[in-house]
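> quick one, structure for this:
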Amino acid sequence: MSRIGRLPISIPDGVTVTVEASQVVVTGPKGSLKLAIPSAIKVEVQDGQVIVSCLSETKQNRAKHGSIRAIINNMIRGTVDPWKKELEIRGTGYKASVNGNKLIVSAGYIHPVEMVAPEGVQFSVNQDTNITVIGCDKVKVGQVASNIRKIRKPEPYKGKGIRYVGEFIKLKAGKTAKA
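Reported below is the predicted structural model:
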């Protein structure tokens, strides 16, 4: 049995968790999320707690047991306090701006790159070089932040590009001239 999967998840005030057939719906003050449950996993709501149990003990089902429990926990936490990913832009002339639900990034290409925010995700930009991605769904926030980083990955010689805040880029030595 999964050690993570055995732990009950406490439901904070203002959050409702409902289990319908093979789907879990988490509704909180910041949004609502849904998750499809595999047939080998059972989810119950008892006494203000969510309990996830495994119906069969195969290796694959034990792995799903812990994963489903962690995903439901992240859903509950995200509906109370939204998930954030912060990115920073480094490079001369590189900048970002928000126009409605579009993020516009100028990162050294001929035309600026535009990204439309998926449903449930918001962008904010501070000082033209700091981008914050906010949303209830941890997976979606992480994927959108990764897609923004892919616009211009940090290069290893000068460190120019888009990186996560706090990410360390090991810089390489450039070519040296013959003496």
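
> which other helices and strands contact the worst-scoring helix or strand of the chain on mean pLDDT?
Every helix and strand in the chain was compared by mean pLDDT, DSSP states H and E; the lowest is helix 3-6, with a mean of 83. Here helix 3-6 touches strand 49-54, helix 59-80, going by 3 or more CB pairs under 8 Å, 6 or more residues apart in numbering; DSSP states H and E. Every residue, glycine included, has its C-beta placed from N, CA and C.

> could you redo the ones you listed as JSON lines and give each row mean neighbour count, distance to Val15 and mean pLDDT?
Formatted as JSON lines, these follow (neighbours: other CB atoms under 10 Å; distance: least, CB to CB, whole Å; pLDDT from 0 to 100):
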{"stretch": "strand 49-54", "mean neighbour count": "19", "distance to Val15": "10", "mean pLDDT": "92"}
{"stretch": "helix 59-80", "mean neighbour count": "19", "distance to Val15": "6", "mean pLDDT": "92"}
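
> looking at whatever helix or strand Lys150 lives in now, give me its mean pLDDT.
In the assignment (DSSP states H and E), Lys150 maps to helix 138-151. Averaging pLDDT along helix 138-151 yields 96.
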